[in-house]
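What follows is a predicted structure for the sequence shown.
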Amino acid sequence: MDIQAIADSVGFEQTGECSTSLVKVNKQVREMCGSGRCPTFDTNWACPPACGDLDYYQERIDSYRTCFLVQTVGQLEDSFDIEGIEEYAKLHAERMKAFARKVRDEDPSVMVLGTGTCTNCAECTYPNAPCRFPDEQMTSMEGAGIWVSDLCSKADVPYNHGPNTIAYTSCIMMN
Ligand code: SF4
């Protein structure tokens, strides 16, 4: 599949790629999920603790050849531009839904890791009923134990694009 063409068609400003042999899950990153700072911990099938442990993610990552990163990069009015930050977060989530759909249409075996929790449903069924769309779930990169800034440097993608910018990063593991 031409992953770059798909990413371009969705509109991401930045992309990069690295071998999955460089992607190692990080216990400290995963521990942040349950530290009380993330409001989605234990509220969604695609978040810890329901989404699977780090061994599961490392095994899955190792089963793929490449990690393809995508970024939405936005210009803010200033560093207090909360509206801008929220708008770009929404744009990135919409782009990721479209990107995941297009990529999975070509290869359903890919693993999609998003930014933040899975927002496929207005309200997650967790924990009272099974996930409505298990094949379309999107675990966050942090939930999978991935240190995003470190992965960006491995994929030669800037994590920070300079003053008054915001960047949201997600990735796809694929063969
Ligand atoms: S697809 Fe829906 S039910 Fe499943 S994890 Fe995502 S939000 Fe929850």
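Received the coordinates, thanks.

ranges for the strands of this structure?
14-19, 66-75, 111-114, 139-140, 165-174 (DSSP state E).

in this protein, which helix has the most residues?
Identified as the longest helix of the chain according to DSSP state H is helix 82-106.

From F80, how far out is the most centrally placed residue in the chain?
By C-alpha atoms, centre = their mean, the chain has its centre lying nearest to G114, at 1.9 Å. According to C-beta to C-beta, to the nearest Å, G114 stands 26 Å off from F80. Every residue, glycine included, has its C-beta placed from N, CA and C.

quick one: pLDDT of the closest residue to R95 other than its chain neighbours?
Nearest residue to R95, sequence neighbours excluded (C-beta to C-beta, 6 or more residues apart in numbering): V10, at 5.0 Å. With respect to pLDDT, V10 has a value of 98.

what do you get for S63?
Reading off the model, S63 has pLDDT 98.

Point out the residues in this protein that sit beside the ligand.
With C-beta under 6 Å from any ligand atom as the criterion, the chain meets the ligand at residues 44-46, 118, 120-121, 124-126, 131-133, 136-137.
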